[in-house]
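Enquirer: would you be able to build a 3D model of this:
(2 chains)
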Amino acid sequence: MSSTYLGMPAFPEAAAAATRDERLRANLRHATHTIRDRRAKAVAELEDWAELRAAGAALKNRVLRHLDHYLEQVEEKVTAAGGVVHWAADAAEANRIVTELVRATGEREVVKVKSMATQEIGLNEALEREGIRCYETDLAELIVQLGDDLPSHILVPAIHRNRSEIRDIFRERMASWGRAAPEGLTDSPAQLTDAARLHLREKFLRARVGISGANFLVADTGTAVVVESEGNGRMCLTLPETLISVVGIEKIVPSRRDLEVYLQLLPRSSTAERMNPYTSMWTGTTDGDGPSTFHLVLLDNGRTDTLADPVGRQALRCIRCSACLNVCPVYERAGGHAYGSPYPGPIGAILTPQLRGTSTALDASLPYASSLCGACYEVCPVAIDIPEVLLHLRERVVQGGRVTVRGRRRTVRPARGHTSERAVLRAAQWVLDRPGALRAAQRLASRTRGLHPRRLPGPGRAWTDSRELPRVPSEPFRDWWRRTRGGAQESPGRGSRAGTSGASGDDRGQEER
Amino acid sequence: MSSRERVLARVRRALADVPREERPQDVVVDRGYLEVHGSRTPAQTVDLLAENLADYRARVHRTDAADLPGLLARLTAEREAETVLAASGLPAAWVSAVGSPDGVATVVTEHDGLTLADLDGVDTVVTGCALAIAETGTIVLDSGPGQGRRRSTLVPDHHICVVDCGAQVVDSVVRALERLDLTRPLTWISGPSATSDIELDRVEGVHGPRMLEVVLLDPPL
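Expert: Purely as a prediction, here's the structure:
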């Protein structure tokens, strides 16, 4: 694994490789099962969970349907509170803005709070290219950064690593990034955590620039909110002189009061806690307390394209809790890297193809990275109907159609590789429109059932790689019904036809015609 | 076109299906959820706070105004604290006994000249709070009198927070947000810093104070 998502294979190939890695599967299975059980308990404590969930979804719908209004309000309030607001249409622009802001401070290093948005835009790599070093300060992100690895989970980015792997990474790599790991470091989580504390502390105390994301932006006050556990967030948000926060435009909530919904939904869905250890809220700058300069970078990067799709836009309600990953049977086996973006699991399967489009084989394969079991929808604290969006995106991949790419409406062609699927469906449509043909086809299928292969030949082979062909019954249902009228009921004059249904049929055309 | 205009124009085009006359408040939000979970007497609310604080590994103490100075002296002595920081605006009486009779601590009051290095040398910080939330076991600081700047409760390894149970305990997150002023910098604290990043094993004490002690101050009878 190297630290880039570029050139990654489509989901099926990546997943096939990942599922052969037994250690990865054991780590993932342990982690996802532990956290899903804890989440269920934390959620069960609240008798009004369903109402909170409905309110959480409705509030985000309100924001999304009036996003222009709320964006202008955020800008006005943050500016009035002493912050500086920047707008970035895409990743390159956001990276350029942040690079220039850091350069203007004269600093060559920054401390970072874990943030999905900055991973999405590849900020660390962009800053490295300009000679600015980013120190990730979340423990799991530190493990990922030191291991020259990629995150594989939204909440626990190093979920694919077990304790002895982490010890090895710390022993081998910490020294080249700063304070070395203590002598005799064992693999106990307490010792490893302590090593990270020591390693990062000198960086916190000397940092002049901090970079973060935000979990929420409150429109009517201009307040940014960061929810965390370790205290690295508080360090980055309060000790440096300059704070730069890169925040997706969908992170807005309308008013102060609305935090009461999300501060109940998020911790319980995410870390399965009543409340996470630390939540920081700040509004612009405060004299004598915290950074004296605050920059807010509002990031589009495909979000408005997603917003343009009335079915797909619900993905923008996501509050990045990762509950859907932890219950997903596909994620549990394939792991996060196979999804080829910082957003793995079910939410990644609907978010990535919308943010990036479906022009690559990887992105076009993501809507298929699901068994459609629906567990993700059940646990989603903002009720995103992930299976609905998956099906919607599959339709787009197979049939093409009107989409918005970087703000422009255009028609995309069907993705390659679905030609035979379309041919089969066209044939099926023709047959299903013609009862006579359907009847003939069904009877032919029944009579030849002894000759049916277990796997399809030719272009159909890929389809049966992961599926069994359904067995064709010895007699089509409609023939059986005609013959027996549903089995037990043998009315006069009907029973006599038993056993002859295959041949007779002169009284049938009427109802079907 | 600036990026601001570009993004806003994209948003407006994307929302072509939203009726022009629809206002944000027209999108119905049903707040059918509970403002408070369960009903409790004020004393039971304080008990619940104590229980939830302890559940997330904060050490909880209960005392009254008369015994508070003695308790704080004992807690700092137990930690063998040499430097104790009193948040600016903290009642002087609270820390008046720190360092006596057998402790070695010196009390420093927070001031503008305090550098990060100074703070790093502080063993214990003593603060009050803006309020505490019983249902979640959370204390909230808003940088008001006696609460200090955000960094003062972050860099030292030991934080003692005094909660006035007569006026500062609320039932729920809903009740807390009703009372808080979001334009002040807020820090919500639920137990000491923690991580579950290694095999989802919870470890207390990462970057924030590794020891959080909450003193529940009973109101005068």
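Enquirer: where along chain B do the strands fall?
Expert: With DSSP state E applied, chain B shows strands at B:59-64, B:83-86, B:106-109, B:124-127, B:131-133, B:138-141, B:158-164, B:169-170, B:186-189, B:194-195, B:203-204, B:211-218, listed in chain order.
Enquirer: any idea which of these gets closest to B:Arg10?
Expert: In terms of Cβ to Cβ, the element of the strands of chain B nearest to B:Arg10 is strand B:186-189, at 33.0 Å. Yep, even glycine has a C-beta here, placed from its N, CA and C like the rest.
Enquirer: lowest-pLDDT helix or strand in chain B?
Expert: strand B:203-204 (a mean of 86; mean pLDDT, DSSP states H and E).
Enquirer: check the offset of that strand from the chain's centre.
Expert: For strand B:203-204, the gap between its own C-alpha mean and the chain's C-alpha mean amounts to 18 Å (Cα atoms, centre = their mean, to the nearest Å).
Enquirer: what mean pLDDT does the helix ranked longest in chain B get?
Expert: Among all segments of chain B classified by DSSP state H, the helix with the greatest residue count is helix B:42-55. Along helix B:42-55, the predicted local confidence has a mean pLDDT of 97.
Enquirer: compute the inter-axis angle for it and strand B:158-164.
Expert: What separates the directions of helix B:42-55 and strand B:158-164 is an angle of 170 degrees, with axes from the mean of the first three to the mean of the last three Cα atoms, to 10 degrees.
Enquirer: how many neighbouring residues does A:Thr32 have?
Expert: Residue neighbour count, defined by other Cβ atoms under 10 Å in any protein chain shown, stands at 24 for A:Thr32.
Enquirer: again, but for the one 5 residues further on
Expert: Around A:Asp37 sit 12 other residues, with neighbours defined as other Cβ under 10 Å.
Enquirer: buried set for the one helix or strand it maps to?
Expert: When elements are assigned from DSSP states H and E, A:Asp37 belongs to helix A:22-44. Neighbour counts using 16 or more other Cβ atoms under 10 Å in any protein chain shown place A:24-25, A:27-28, A:31-32, A:34-36, A:38-39, A:42-43 of helix A:22-44 among the buried residues.
Enquirer: which of those residues come close to chain B?
Expert: When these are checked against chain B using Cβ under 8 Å from any Cβ of the partner chain, the ones in range are A:27, A:31, A:34-35.
Enquirer: now the residues you listed as a markdown table including pLDDT?
Expert: Formatted as a markdown table, the entries for these read as follows, by pLDDT from 0 to 100:
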| residue | pLDDT |
| --- | --- |
| A:Asn27 | 87 |
| A:Ala31 | 88 |
| A:Thr34 | 91 |
| A:Ile35 | 91 |
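Enquirer: residues from the stretch 351-500 of chain A in reach of chain B?
Expert: If contact is defined as Cβ under 8 Å from any Cβ, the residues of the stretch 351-500 of chain A in contact with chain B are A:404, A:407.
Enquirer: distance check, A:Gly284 against A:Pro291.
Expert: 10 Å (Cβ to Cβ, to the nearest Å).
Enquirer: mind jotting down where the strands sit in chain A?
Expert: According to DSSP E, the strands that chain A contains are A:84-88, A:109-112, A:133-136, A:209-212, A:216-218, A:223-228, A:242-248, A:252-253, A:278-283, A:293-299, A:401-405, A:408-412.
Enquirer: dump these into TSV; add mean neighbour count, distance to A:His153 and mean pLDDT as well.
Expert: Written out in TSV, the entries for the strands of chain A read as follows (neighbours: other Cβ atoms under 10 Å in any protein chain shown; distance: least, Cβ to Cβ, whole Å; pLDDT from 0 to 100):
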stretch	mean neighbour count	distance to A:His153	mean pLDDT
strand A:84-88	20	26	98
strand A:109-112	23	18	97
strand A:133-136	20	15	96
strand A:209-212	26	19	98
strand A:216-218	25	21	98
strand A:223-228	25	16	97
strand A:242-248	25	19	98
strand A:252-253	26	25	98
strand A:278-283	26	20	98
strand A:293-299	23	22	98
strand A:401-405	15	29	90
strand A:408-412	12	31	90
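Enquirer: any chance of those strands in a markdown table, plus distance to A:Arg483?
Expert: What follows is the strands of chain A, written out as a markdown table (distance: least, Cβ to Cβ, whole Å):
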| stretch | distance to A:Arg483 |
| --- | --- |
| strand A:84-88 | 68 |
| strand A:109-112 | 72 |
| strand A:133-136 | 70 |
| strand A:209-212 | 71 |
| strand A:216-218 | 64 |
| strand A:223-228 | 65 |
| strand A:242-248 | 61 |
| strand A:252-253 | 62 |
| strand A:278-283 | 69 |
| strand A:293-299 | 65 |
| strand A:401-405 | 44 |
| strand A:408-412 | 49 |
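Enquirer: may I see the buried residues of stretch B:188-206?
Expert: Buried-residue list, stretch B:188-206, by 16+ other Cβ under 10 Å: B:188-200, B:202-206.
Enquirer: ok, back up a step: the helix holding A:Asp37: how far from the chain's middle?
Expert: Taking Cα atoms, centre = their mean, one finds helix A:22-44 lying 17 Å from the centre of the chain it belongs to.
Enquirer: then stretch A:375-393?
Expert: On Cα atoms, centre = their mean, the centre of stretch A:375-393 falls 11 Å from that of its chain.
Enquirer: likewise stretch B:210-221?
Expert: Relative to its parent chain, stretch B:210-221 has a centroid offset of 12 Å by Cα atoms, centre = their mean.
Enquirer: brilliant, that's me finished.
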